[in-house]
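Student: Curious how this folds, go ahead:
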Amino acid sequence: MRITQLRRATLSVICLLTTTALFAEPVTYEIDPRHTFPSFEADHQGGLSVWRGKIRSTSGTIVIDREAQTGNVDVTMDMSTIDFGMDAMTDHAKAEDILDVAQFPTATYTGEMSQFTAQGGPTAIEGQLTLHGVTNPLNLRVNSFQCNPPAMGRSVCGADASGSFNRDDYGVDFGMGRFLMYVNLEIQVEGVLVED
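Tutor: Numbering: from 1, shown residues only. I've put the predicted structure just below:
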C-alpha cells in the first residue's frame, strides 16, 4: 500500500515539474488551421440582421510565457476564403467595392498579451488589425483560454478572443448611411506546441 502511495506521489511530483518546466520560459504554438476559424460579424440593412463571414484558412503563431505573464500573437487570415453562407453575399464581400481580396488577399492581427489571470492565462491582447491595406489599433478580450495535457503526441492550447471596430476606419465603407459600420471580430483558435 505504501509503495503504491509512494509511486503516486512520485508521479505527481514528476508531472508538476514537467508542467512547471513547460511554462517556465516562452513556448511557441503554431496555429492549427483545422481548428481555427475567425469570423467577421457585420450589420445588414441598418440593424435588420447580423451577417457572419467565416475565414476558412488561417495561419500564424502564438508565443506565451505563463510564468512571466507575457506573450504575443501573429495571425494571418486568407480573406479570399471568407464565407457568409450565401454565395451572392460571399462573392460581393470579396469584390472591389467591399474587401477587394484581389488587391488585399490577407488580413493580419498582431498583438501583445497584456493581462493574465493568477493561473497564467491571458485575458487581454493589445494589438493591431491590418485589413484592406489599412492598419489600426485593435484590442481583444480573451474570453476563454485553456491548455490541455499532451494527448496523441500533441500539446494544445486554445482560446476565444473578440473585439470590435468600425469598418470605415479601414476604407471599407460600402453602404454607409444604410448599414451600420461596426464589425465584431471573433477569433476562435487552437495551437499546437512547436517542439524545440
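Student: ends of stretch 163-182, how far apart?
Tutor: 11 Å (Cα to Cα, to the nearest Å).
Student: what bridges to L129?
Tutor: Bridge pairing for L129 (DSSP bridges) gives the partners Y109, N136.
Student: Can you tell me how far it is from A107?
Tutor: To A107, L129 is 7 Å away according to Cβ to Cβ, to the nearest Å. Where you see a C-beta, it was placed from the backbone N, CA and C, and this is true even at glycine.
Student: next one: F37
Tutor: Distance of F37 to A107, given as Cβ to Cβ: 14 Å.
Student: which one of those two has more residues nearby?
Tutor: The neighbour comparison of F37 against A107 (other Cβ atoms under 10 Å) goes to A107, with 24 against 18.
Student: ok, now which ones touch the more buried one?
Tutor: 76-77, 79, 129-132 (Cβ atoms under 8 Å, 6 or more residues apart in numbering).
Student: what distance separates the start and the end of stretch 30-45?
Tutor: 38 Å.
Student: what about the strands in this structure?
Tutor: Secondary structure of the chain by DSSP state E: the strands cover 27-31, 39-44, 49-55, 58-65, 70-78, 82-83, 106-116, 122-131, 134-151, 154-166, 182-193.
Student: A159: neighbouring residues, count only.
Tutor: Residues contacting A159 under the criterion other Cβ under 10 Å number 24.
Student: Leaving out chain neighbours, which residue sits closest to it?
Tutor: F145 (4.5 Å; Cβ to Cβ, 6 or more residues apart in numbering).
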